[in-house]
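Enquirer: From the sequence below, what's the structure:
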Amino acid sequence: GASVAHTVVAARVMHPLVRDLYKRLLFAGREHPKGVGYVRREAKKHFRANAHLTTERDIKRAVARGRYMVKEIEATVQFKKYRAMKKRYYDD
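Expert: Residues are numbered from 1 along each chain as shown. A predicted model of the protein is given here:
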């Protein structure tokens, strides 16, 4: 038989702060108006765009931006709940 060359792909080790941010995004995105699928797709897109970052300073800066986005998602969810409650109980 023919010899098959095997290539070994080094698994990238995810920085613990990055993993924590991803979990926070998915948790916050569960109640997002567009759904957790939308939040997951957007998160993956941005995580892949920043996959080249290697220095601790750059990673922490990107994680800080991501945590801001978690807060934005949480604010969006709260606003959605507020509007639903207002619509339910008030005539506008």
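Enquirer: Counting neighbours, which bits of the strand or helix carrying D58 end up buried?
Expert: For D58, the host element (DSSP states H and E) is helix 56-89. For helix 56-89, the neighbour count (16 or more other C-beta atoms under 10 Å) marks A62, V63, G66, M69, V70, I73, E74, T76, V77 as buried. For glycine as for every other residue, the C-beta is placed from the backbone atoms N, C-alpha and C.
Enquirer: Now for these: which two are most distant?
Expert: Greatest spatial distance among the buried residues of helix 56-89 (C-beta to C-beta): A62 and V77, at 23.0 Å.
Enquirer: F27: neighbour count?
Expert: 14 (other C-beta atoms under 10 Å).
Enquirer: and it, what element?
Expert: Using DSSP H and E, F27 sits within helix 16-29.
Enquirer: Report the backbone C-alpha coordinates of that helix in PDB.
Expert: The C-alpha trace of helix 16-29 is given here as PDB (Å, rounded to 0.1, in the frame of the first residue of the first chain):
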ATOM      1  CA  PRO A  16      -8.600  31.200  30.100                       C
ATOM      2  CA  LEU A  17      -9.900  34.800  29.800                       C
ATOM      3  CA  VAL A  18     -11.000  34.100  26.300                       C
ATOM      4  CA  ARG A  19     -12.800  30.900  27.200                       C
ATOM      5  CA  ASP A  20     -14.500  32.700  30.100                       C
ATOM      6  CA  LEU A  21     -15.600  35.500  27.700                       C
ATOM      7  CA  TYR A  22     -17.000  33.100  25.200                       C
ATOM      8  CA  LYS A  23     -19.100  31.400  28.000                       C
ATOM      9  CA  ARG A  24     -20.300  34.800  29.200                       C
ATOM     10  CA  LEU A  25     -21.300  35.800  25.700                       C
ATOM     11  CA  LEU A  26     -23.300  32.600  25.200                       C
ATOM     12  CA  PHE A  27     -24.900  32.800  28.600                       C
ATOM     13  CA  ALA A  28     -25.900  36.500  28.000                       C
ATOM     14  CA  GLY A  29     -27.100  35.600  24.500                       C
END
